[in-house]
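>>> Below are the sequence and a predicted model for it; my questions follow.
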Amino acid sequence: MNSGQSALTLVLTADPALIAIVKLSLTVSLAAVAVAAVIGIPFGALIALTRFPGRSGVIVVLNAMMGLPPVVVGLAVYLLLSRSGPLGNLGILFTPQAMIVAQAVLVTPIIAALTRQTIEDLWSEYREEFAAMDVGPVRRVLTLISDAKFSLVTALLAGFGRAAAEVGAIIIVGGNIEGFTRTMTTAIALETSKGDLPLAVGLGMVLMTIVVIVNSLAFAARRAGEMRAGS
Amino acid sequence: MRAPSSDLPIKFQNVTLRARGVVILDAIYASFRAGKPSVLIGPNGAGKSTLLRAAMGLVAPDDGRITWGGRENAPPDRRAIMFQRPVMLRRSAAGNLRFALAAAGIARTRHEERVHQLLALVGLQGLGDRPARRMSGGEQQRLALARALAREPEILFLDEPAASLDPAATKALEDTIRQVARSGVTVILSTHDLAQARRIGGEIIFMNRGRIVETGDADAFFIHPETDAARRFIAGELLT
Ligand SMILES: Nc1ncnc2c1ncn2[C@@H]1O[C@H](COP(=O)(O)OP(=O)(O)O)[C@@H](O)[C@H]1O
Ligand SMILES: [Mg+2]
């Protein structure tokens, strides 16, 4: 049996070990995106709508942080969470929580930077009408976020794609412990280096499928929403 | 709801406005009173849009002062403006009107009734559910007029209200503007279209290069312009 066929068997028989790995991967990445959204969307909107000294610098740094190397983030979070680190007494190193923290650090700049750009563009389009209608600050922010929601979904997807695909950060802070912190990407890395290609290929197929499905659903939702709102 | 005192007259006293060092409004004196429409005319770049924005309170003068009913810093509660290229929010036609009603602090219980009235006033009845940004240019212009009127203004500024419309749509819009003016709203509009200025009538304010060159009653102005610039503009010779 070649590795492709055995991989397919693993997937089709819903191998319990494989299911657990998929579940953990999704849980970690979705939780990380949720945390990143809660921080990144308001932060991005705030930068878009305020003027302060050093603002351009903040934007440049934020945009640069979209490309943070996962291993560097992993290392930084490791140092933070390790027993002697500032957050060491949380005791979450080598747990899924640590992986969520690391991926959230990785994804927050992506969501914040894309939100900043989106909201700022919409703001320059709406600014005069808002002034003419004497719209208060709270209503302005809520309207901008609401009218930008389809672009913001795309920003969340970009974040999810980044989180689901990365291995460098979570392998460092999660430790790739079987049945506990092993995800699709860390398992692929490990199994490939061990030479267990069927499991690696099977996981690769599942990962690709999930990413394609998530993006298709979001694309369809965006299309439908835009038709109704008339963007 | 509505502020008790009037924003009229709007007075410009020696108002100068610059952008990047270039003078856009040059020592303007003007007074807009209740009653018949005021029509700003003049070639492109004369400063008509800037003057309307200043009168709305959207830009502050660099020199001189603007007062509304004798007050400086009067909030725009009783004023509304329709821009030359209105921007519709990403929602339905009715949604755009509801937004303006809410922003103007009009009680939610009155919204549906007002949306209905406003759509009917501008001839868009039955189109409330359309995505506003998918409507035609003429429909969006009429919706923008309804959105401005949602504020129940005492003064309505209209910046080139029919600049991109065909003759039939222009006529429909002008009919609505006349109806609004008759209902007691003070209309102040700008146009570079002489025929439109004649049709609207009222007080003509002729601008050129950031200055008010001549003012006068529409009938008198078009028959006996006093300045050489106004004569040339009416003859179609003054382009900038
Ligand atoms: N924000 C701005 N920055 C630079 N120039 C401006 C700005 N706003 C207007 N202008 C210039 O001021 C002049 C008058 O503009 P405007 O009031 O739009 O004239 P009009 O409406 O009569 O065509 C134009 O030459 C225009 O280019
Ligand atoms: Mg103009």
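Perfect, I can see it now. Ligands and ions are numbered 1, 2, ... in the order given.

>>> residue in chain A nearest to ligand 1?
With C-beta to the nearest ligand atom as the measure, A:Glu128 is the residue of chain A nearest to ligand 1, at 11.3 Å. Placement of C-beta: from N, CA and C, glycine included.

>>> Give the buried residues for the longest helix along chain A.
Criterion DSSP state H: the longest helix present in chain A is helix A:96-132. Judged by neighbour count using 16 or more other C-beta atoms under 10 Å in any protein chain shown, the buried positions of helix A:96-132 are A:96-120, A:122-123, A:126, A:128-132.

>>> near chain A, which residues of chain B show up?
B:56, B:58, B:75-77, B:80-81, B:83, B:86-92, B:99-100, B:102-104, B:130-134, B:147-148, B:151 (C-beta under 8 Å from any C-beta of the partner chain).

>>> please redo it, this time with the cut-off set to 7 Å
Residues of chain B found near chain A (C-beta under 7 Å from any C-beta of the partner chain) are B:56, B:58, B:76, B:81, B:83, B:87, B:89-91, B:100, B:103, B:131-134.

>>> Show me what the longest helix of chain A is packed against.
Counting contacts by 3 or more C-beta pairs under 7 Å, 6 or more residues apart in numbering or on different chains; DSSP states H and E, helix A:96-132 packs against helix A:16-49, helix A:55-65, helix A:70-81, helix A:137-147, helix A:149-165, helix A:168-174.

>>> what's the most buried one of these?
Most buried of these by mean neighbour count (mean count of other C-beta atoms under 10 Å in any protein chain shown) is helix A:168-174; its value is a mean of 26.

>>> what comes into contact with that one?
Contacting residues not belonging to helix A:168-174 are listed as A:28, A:69-71, A:73-75, A:77-78, A:81, A:93-94, A:98-99, A:102-103, A:106, A:181, A:183, A:186, A:189 [C-beta atoms under 7 Å, 6 or more residues apart in numbering or on different chains].

>>> returning to what we had before: right, and the helices and strands packed on helix A:96-132 - which one's nearest A:Thr9?
Closest to A:Thr9 of the helices and strands packed on helix A:96-132 is helix A:16-49 (C-beta to C-beta; 10.6 Å).

>>> Provide a list of residue ranges in the chain with pLDDT below threshold.
Here I'm looking at chain A. Low-confidence segments of chain A (pLDDT under 70): A:1, A:231.

>>> could you do chain B instead?
B:1-4, B:238-240.

>>> hmm, stretch B:77-92 touching ligand 1?
No: on the criterion C-beta under 6 Å from any ligand atom, stretch B:77-92 is out of touch with ligand 1, staying 7.6 Å away.

>>> Quick one: end-to-end distance for that stretch.
24 Å (C-alpha to C-alpha, to the nearest Å).

>>> Same question for stretch B:148-167.
Taking C-alpha to C-alpha as the measure, stretch B:148-167 stretches 22 Å from start to finish.

>>> swap in stretch B:45-62?
End-to-end distance of stretch B:45-62 (C-alpha to C-alpha): 19 Å.

>>> Would you mark the buried spots in it?
B:45-59, B:61.

>>> what does stretch B:74-85 give?
By neighbour count with 16+ other C-beta under 10 Å, stretch B:74-85 contains the buried residues B:74, B:76-84.

>>> Those residues into TSV, with extra columns for distance to B:Asp193 and secondary structure?
Listed next are the buried residues of stretch B:74-85 as TSV, based on distance: C-beta to C-beta, whole Å; DSSP: H, G, I helix; E, B strand; the rest coil:
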residue	distance to B:Asp193	secondary structure
B:Ala74	31	coil
B:Pro76	27	helix
B:Asp77	31	helix
B:Arg78	28	helix
B:Arg79	24	strand
B:Ala80	22	strand
B:Ile81	19	strand
B:Met82	16	strand
B:Phe83	17	coil
B:Gln84	12	coil
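
>>> Identify, from those residues, the entry nearest to ligand 1.
Set against ligand 1, the nearest of these by C-beta to the nearest ligand atom is B:Gln84 (7.6 Å).

>>> That closest one is in contact with B:Ala163, isn't it?
Yes: the pair B:Gln84 / B:Ala163 is scored as a contact, 5.7 Å apart, by C-beta atoms under 7 Å.

>>> Looking at the buried residues of stretch B:45-62, which are in helices?
Among these, the residues falling in helices (DSSP H) are B:48-56.

>>> So which of these reach ligand 1?
Restricting those to those near ligand 1 - C-beta under 6 Å from any ligand atom - leaves B:48-50.

>>> Take those and write them to CSV, including distance to A:Leu18.
Shown next, in CSV, are these (distance: C-beta to C-beta, whole Å):
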residue, distance to A:Leu18
B:Lys48, 70
B:Ser49, 65
B:Thr50, 67
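
>>> who's in contact with B:Arg231?
The neighbours of B:Arg231, taking C-beta under 7 Å, 6+ apart as the test, are B:Pro225.

>>> ok, for the residue of chain A most remote from its centre, nearest residue in space, not its chain neighbours?
Distance to the chain centre peaks in chain A at A:Ala132, reaching 37.9 Å (criterion: C-alpha atoms, centre = their mean). Distance criterion C-beta to C-beta, 6 or more residues apart in numbering or on different chains; nearest residue to A:Ala132, sequence neighbours excluded, is B:Ile81 at 4.9 Å.

>>> OK, contacts around the one you found?
Residues counted as contacts of B:Ile81 (C-beta under 7 Å, 6+ apart) are A:132, B:52, B:56, B:148, B:157, B:159.

>>> For the fifth one, give me phi and psi.
Main-chain torsions, B:Phe157, degrees, to the nearest 10: phi -100, psi 130.

>>> now B:Asp159
phi -100, psi 110.

>>> Nearest to A:Arg222 among the buried residues of stretch B:74-85?
B:Phe83 (28.9 Å).

>>> How about the closest one, nearest residue that isn't a chain neighbour?
Spatial nearest neighbour of B:Phe83, excluding adjacent residues (C-beta to C-beta, 6+ apart): B:Asp159 at 5.5 Å.

>>> repeat for B:Leu58
Leaving aside its chain neighbours, B:Leu58 sits nearest to A:Ala131 (5.4 Å; criterion: C-beta to C-beta, 6+ apart).

>>> correct me, but the one you found touches B:Met56?
No: contact criterion C-beta under 7 Å: A:Ala131 and B:Met56 do not qualify, at 8.6 Å.

>>> Between which two of the residues of chain B next to chain A is the distance greatest?
Using C-beta to C-beta, the two most remote members of these are B:Pro76 and B:Arg134, lying 29.2 Å apart.

>>> quick one, phi/psi of the residue in chain B that chain A sits nearest to?
Nearest residue of chain B to chain A, counting by C-beta to the nearest C-beta: B:Pro131, 2.4 Å away. Main-chain torsions, B:Pro131, degrees, to the nearest 10: phi -60, psi 120.

>>> In contact with the closest residue to it other than its chain neighbours, which residues?
Setting aside the residues directly before and after it, B:Pro131 is nearest to A:Gly230 in space (C-beta to C-beta, 6+ apart), at 2.4 Å. By C-beta under 7 Å, 6+ apart, the contact set of A:Gly230 is B:90, B:131-134.

>>> Thanks a lot, catch you later.
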